[in-house]
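>>> task: produce atomic coordinates for the following.
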Amino acid sequence: MPVTILKGQEVFMLREEMEILMNERQSLLDATGAAALFIAKLDSAALPESVRQAAQLLSCSINQLPEETLRDALERVRAESIAHV
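Numbers count the residues shown, from 1 in each chain. Here you go, the predicted model:
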């Protein structure tokens, strides 16, 4: 098989993989933004201890994200809520 055909197939496969990864990122941003919004609106004092611990774990995970990623996630949630109005 000629090298140019192999290169073309490799490029095609890389593009496909990038598309999959970008779609997964968008889904993760949606979930992260929704989780961040949920945590922000919780009244932790009103939660049972086991639920409070789970919320704290989620909150810590969200807080460890890079600022840009969290901003992207929150923007997606805002855009989604505006689209449903």
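>>> what about Glu24, how many neighbours?
Glu24 is flanked by 10 other residues according to other C-beta atoms under 10 Å. No exception for glycine: its C-beta is placed from N, CA and C like everyone else's.
>>> any idea which element it lies in?
Using DSSP states H and E, Glu24 sits in helix 3-41.
>>> now the following helix or strand past that helix against helix 3-41, angle please.
Scanning the chain past helix 3-41 towards its C-terminal end, the next helix or strand to appear is helix 49-63 (assignment: DSSP H and E). If you take axes from the mean of the first three to the mean of the last three C-alpha atoms, to 10 degrees, helix 49-63 sits at 130 degrees to helix 3-41.
>>> what's the next helix or strand after helix 49-63 in contact with?
Scanning forward in sequence from helix 49-63, with DSSP H and E defining helices and strands, the next element found is helix 67-83. Where contact means C-beta atoms under 8 Å, 6 or more residues apart in numbering, the residues beyond helix 67-83 that reach it are Gln26, Leu29, Asp30, Thr32, Gly33, Ala34, Ala36, Leu37, Ile62, Leu65.
>>> ok, the fifth one - contacts?
Taking C-beta under 8 Å, 6+ apart as the definition of contact, the neighbours of Gly33 are Ala73, Leu74, Glu75, Arg76, Val77, Arg78, Glu80.
>>> which among the residues you listed end up buried?
Applying a neighbour-count criterion of 16 or more other C-beta atoms under 10 Å, the buried members of the contacts of Gly33 are Ala73, Leu74, Arg76, Val77.
>>> let's have those in TSV, adding distance to Leu58.
Shown next, in TSV, are the buried ones among the contacts of Gly33 (distance: C-beta to C-beta, whole Å):
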residue	distance to Leu58
Ala73	13
Leu74	15
Arg76	17
Val77	15
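>>> name the nearest of these relative to Ile5.
The shortest separation between Ile5 and any of the buried ones among the contacts of Gly33 is 39.0 Å, and it belongs to Arg76 (by C-beta to C-beta).
>>> how near is the closest one to Ala31?
For Arg76, the distance to Ala31 under the criterion C-beta to C-beta, to the nearest Å works out to 10 Å.
>>> same question, Glu19
Shown here: Glu19 relative to Ala31, a distance of 19 Å by C-beta to C-beta.
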